[in-house]
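Participant: Give me coordinates for this.
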Amino acid sequence: MAAPLAYHLIWTTYGTWLPGDARGWIKSGVLGIQPPDPLLEQHAREMMVEPEVHLTLEQRAAVDQTIRKHSNIRKWILHAVNVRSNHVHVVVTCACDGEKARDELKLWGSRRLSDLAGFTAPVARKAGRRRWWTEGGDVNAIDEPRYFENAVEYVTNLQGD
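Facilitator: Below you'll find the predicted structure:
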């Protein structure tokens with residue numbers, strides 16, 4: 001099987017899109033968007049161990065810069081990136097699988113956000129925020145040129161301000 005043209009990676013900030021969410025939600029191992037479930041959403045909210053994360057403009061810029069820098073270091077081709085207050089979109093071509101790319105970008109983004117928050121010393125890192133992102137995220141392999149064009153357009157121009 002040939003490598004995809006690129007991956008469209010998407011992940012959300014911690015606590016901003018819970019199971020049961022009124023906008024619909026994804027259940028691991030089940031195809032399609034699941035319907036709202038207010039009781040499940042409330043239960044998920046009660047299980048949270050930290051407050052939900054809404055990135056500031058400064059934090060968004062820091063994550064954007066980190067994604068660009070990490071992609072450059074890895075010699076990945078970054079086609080588009082858009083860091084929003086509650087989620088991130090990336091279109092990237094890389095030699096690894098999409099899950100590995102997503103997880104590396106989330107890891108380095110988390111480190112940068114922790115540094116920005118002042119959690120730089122080992123003790124502060126342990127005492128600071130542990131969760132900036134939700135677990136996992138979407139990894140969409142892009143195999144068609146038209147899909148690639150649409151993904152780059154969507155991430156670059158259709159996310160709003």
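Participant: so what's residue 110 closest to, chain neighbours aside?
Facilitator: residue 132 (4.7 Å; C-beta to C-beta, 6 or more residues apart in numbering). Every C-beta, even on glycine, is put in place using the N, C-alpha and C of the backbone.
Participant: Report the separation between that neighbour and residue 49.
Facilitator: Here residue 132 is placed at a distance of 13 Å from residue 49 (C-beta to C-beta, to the nearest Å).
Participant: Neighbour count: the two, which is higher?
Facilitator: residue 132 (22 against 8; other C-beta atoms under 10 Å).
Participant: The more buried one against residue 52, yeah?
Facilitator: No. Contact criterion C-beta atoms under 8 Å: residue 132 and residue 52 do not qualify, at 10.7 Å.
Participant: any shared contact partners between the two?
Facilitator: Listed as contacting both residue 132 and residue 52 by C-beta atoms under 8 Å, 6 or more residues apart in numbering are 13-14.
Participant: What segments of the chain are strands?
Facilitator: Ranges of strands within the chain are 6-12, 25-26, 33-34, 77-83, 87-93, 138-142, based on DSSP state E.
Participant: Least confident of those strands, on average?
Facilitator: Per-segment mean pLDDT for the strands of the chain reaches its minimum on strand 25-26, at a mean of 80.
Participant: okay, and the helix or strand of the protein with the least pLDDT?
Facilitator: Least confident helix or strand of the chain, by mean pLDDT, DSSP states H and E, is helix 122-127 with a mean of 54.
Participant: pLDDT score for the closest residue to residue 42 other than its chain neighbours?
Facilitator: Closest residue to residue 42 apart from its sequence neighbours, by C-beta to C-beta, 6+ apart: residue 20 at 7.5 Å. You'll see residue 20 listed with a pLDDT of 89.
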